[in-house]
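> Output the structure for:
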Amino acid sequence: MAISAIGIGAAANDGTGDPLRTAFGKANDNFRGLAGGETVFNETLKEWTTAEAFEVTSVTRDSDGVATTAVVKWPDGSAGTFTTTAKNTTWIAIDAYTVSHADSGKTVTQSAVTRDSSGAVITKPALSVA
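Reported below is the predicted structural model:
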């Protein structure tokens, strides 16, 4: 969802700007998108995921100590679930995952990364949100 610009008109009280109800509706929509919740922006979810801005409140690990699932709390207070979808058994690392955002019903997906012979990530696909 893009930011909605509020029409202010060409001059004060000239009648060409947005009516108050329309203007405040746009303002509310813009703030909802910034704050998160049901209308959270896809880009905000991607930024939070990249920054690992969610808090892990509990985690389940496999026998190698790699997180398989975790309960998370997003910066806007929404609950979510982190799920490993691809584990690299050579480097004992997470190569792909999803993180859900309960309030919006959206899920961020990191598709599998590509690693070089020393295990360093050389290709990391862009995050997607659905």
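
> right, and residue 90 touches residue 118 too?
No - judged on C-beta atoms under 8 Å, residue 90 makes no contact with residue 118 at a distance of 10.6 Å. For every residue, glycine as well, the C-beta is placed using N, CA and C.

> same for the strand or helix carrying residue 81, what does it pack against?
Per DSSP states H and E: residue 81 is located in strand 79-88. Contacts defined by 3 or more C-beta pairs under 8 Å, 6 or more residues apart in numbering; DSSP states H and E place strand 79-88 against strand 67-73, strand 93-101.

> mind giving me CSV with these and columns for distance to residue 129, mean pLDDT and mean neighbour count?
What follows is the helices and strands packed on strand 79-88, written out as CSV (distance: least, C-beta to C-beta, whole Å; pLDDT from 0 to 100; neighbours: other C-beta atoms under 10 Å):
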stretch, distance to residue 129, mean pLDDT, mean neighbour count
strand 67-73, 15, 98, 17
strand 93-101, 9, 98, 19
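
> Select, out of these, the one closest to residue 24.
Distance to residue 24, taken as C-beta to C-beta, is lowest for strand 93-101 among the helices and strands packed on strand 79-88, at 26.1 Å.

> about what we covered before: how about the helices and strands packed on strand 79-88 in a markdown table, adding distance to residue 109?
What follows is the helices and strands packed on strand 79-88, written out as a markdown table (distance: least, C-beta to C-beta, whole Å):
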| stretch | distance to residue 109 |
| --- | --- |
| strand 67-73 | 15 |
| strand 93-101 | 5 |
